[in-house]
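Student: 3D, please:
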Amino acid sequence: MNRLERWEQQTRAPLLALAVVFGAAYALPILVPAADPALITTAHWTERTVWALFAADYAVRLGLSERRWEFVRRQPLSLAVVVLPLLQPLRLLRLVSALFLVGQRVRLAAQVRLTTYVVGAVLGLLAFGSVAVLEAERGSPRGNIRTIGDALWWSFTTMTTVGYGDHAPTTGVGRLIAVGLMLSGIALLGVVTANIAAWFLARFQEDEEENRRVQEVTEELLREVRELRRQVADLTEATTGARAGAPGRAVEIAPAAPSDGARG
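Tutor: Numbering: from 1, shown residues only. Model prediction:
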């Protein structure tokens, strides 16, 4: 394990914690617009601080990389995390890039399973998509997404591609969020379906392999039984032949001794 891999392994948990802090700082002014101005200011500064830490992490990883140009080409999300804070109109895009960056880094951990990642992605997109569309639609004169409850319901129906139509975005940003949620929902549904199908196939293959092993063991036992029966038959035949071909012992009869009258 080189220095870059050690750094990434050590910063996975702090990076995830920073993403959660950023999400809270991003959502607070939207969910509670009438909050204390000092609290809103703290949320904004917290958001900027988290981005500064993301930039520092990128700088450290770039410095530890042995092939820096290749690192830049293979880590476009990490570079976007550093560049996008400079573009104030793309605040939502900064949020999306941060979520994907965290997901990319977390997926490097071998212990994180696909199902956990999919569930986390669904919950993250659902929550932040709702907050983002609420921010975009709440001030629209023709909009009907006014509360976080409306936004959550709309995000859920959009991600599942059901689309009841009772709530719909009217602004350009809101429709862009809708497109992102629909594409994400289709992609995640495909991942879940493929994962379930792969699980069933793996189970069938395990059962088939187990049946094959049982059949092989059974056939081997039958071969051994046949061999034992043949050996027993051969041994029985050899023993019977040996007994039949052995010469019988001659019985010697001693001559009778002459009587006393014959002697005289």
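Student: Can you pull out the low-pLDDT segments for the stretch 1-150 of the chain?
Tutor: Applying pLDDT under 70 to the stretch 1-150 of the chain flags residues 1, 77-78, 80-82, 84-117.
Student: where along it do the helices fall?
Tutor: 3-31, 37-64, 68-74, 76-83, 91-106, 114-137, 148-159 (DSSP state H, counting those that start in this stretch).
Student: So for Glu219, which of the ones you listed sits nearest?
Tutor: In terms of Cβ to Cβ, the element of the helices of the stretch 1-150 of the chain nearest to Glu219 is helix 114-137, at 38.4 Å. For the C-beta atoms, the positions are set from N, CA and C on the backbone; glycine is no exception.
Student: Buried residues in the closest one, which are they?
Tutor: For helix 114-137, a neighbour-count test (16 or more other Cβ atoms under 10 Å) marks 117-118, 120-122, 124-137 as buried.
Student: Equivalent analysis for stretch 161-168, please.
Tutor: For stretch 161-168, by 16+ other Cβ under 10 Å, it's His167, Ala168.
Student: before we move on, the earlier item: format the helices of the stretch 1-150 of the chain as JSON lines; extra columns: distance to Val225.
Tutor: Output for those, formatted as JSON lines (distance: least, Cβ to Cβ, whole Å):
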{"stretch": "helix 3-31", "distance to Val225": "56"}
{"stretch": "helix 37-64", "distance to Val225": "65"}
{"stretch": "helix 68-74", "distance to Val225": "61"}
{"stretch": "helix 76-83", "distance to Val225": "64"}
{"stretch": "helix 91-106", "distance to Val225": "56"}
{"stretch": "helix 114-137", "distance to Val225": "47"}
{"stretch": "helix 148-159", "distance to Val225": "62"}
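Student: of all these, which lies closest to Pro169?
Tutor: helix 114-137 (5.6 Å).
Student: what does the closest one contact?
Tutor: With contacts defined as Cβ atoms under 8 Å, 6 or more residues apart in numbering, helix 114-137 is touched by 23, 26-27, 30-31, 92, 95-96, 99, 103, 106-107, 143-148, 150-152, 154-156, 158-159, 169-171, 173-174, 177-178, 180-181, 184, 188, 191-192, 195.
Student: Can you show me the CA trace of it as PDB?
Tutor: Extracted C-alpha coordinates of helix 114-137, given in PDB (Å, rounded to 0.1, in the frame of the first residue of the first chain):
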ATOM      1  CA  LEU A 114     -23.300  -2.800  -3.300                       C
ATOM      2  CA  THR A 115     -26.700  -2.900  -1.500                       C
ATOM      3  CA  THR A 116     -25.500  -0.500   1.100                       C
ATOM      4  CA  TYR A 117     -24.100   1.900  -1.500                       C
ATOM      5  CA  VAL A 118     -27.400   1.800  -3.500                       C
ATOM      6  CA  VAL A 119     -29.500   2.400  -0.400                       C
ATOM      7  CA  GLY A 120     -27.300   5.300   0.600                       C
ATOM      8  CA  ALA A 121     -27.400   6.700  -2.900                       C
ATOM      9  CA  VAL A 122     -31.200   6.500  -3.000                       C
ATOM     10  CA  LEU A 123     -31.600   8.200   0.400                       C
ATOM     11  CA  GLY A 124     -29.100  10.900  -0.500                       C
ATOM     12  CA  LEU A 125     -30.600  11.700  -3.800                       C
ATOM     13  CA  LEU A 126     -34.100  11.600  -2.400                       C
ATOM     14  CA  ALA A 127     -33.200  14.000   0.500                       C
ATOM     15  CA  PHE A 128     -31.000  16.500  -1.400                       C
ATOM     16  CA  GLY A 129     -33.200  16.400  -4.500                       C
ATOM     17  CA  SER A 130     -36.200  17.400  -2.300                       C
ATOM     18  CA  VAL A 131     -34.300  20.200  -0.700                       C
ATOM     19  CA  ALA A 132     -33.000  21.400  -4.100                       C
ATOM     20  CA  VAL A 133     -36.400  21.400  -5.800                       C
ATOM     21  CA  LEU A 134     -38.000  23.100  -2.800                       C
ATOM     22  CA  GLU A 135     -35.400  25.900  -3.100                       C
ATOM     23  CA  ALA A 136     -36.000  26.200  -6.800                       C
ATOM     24  CA  GLU A 137     -39.800  26.000  -6.800                       C
END
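Student: Thank you, goodbye.
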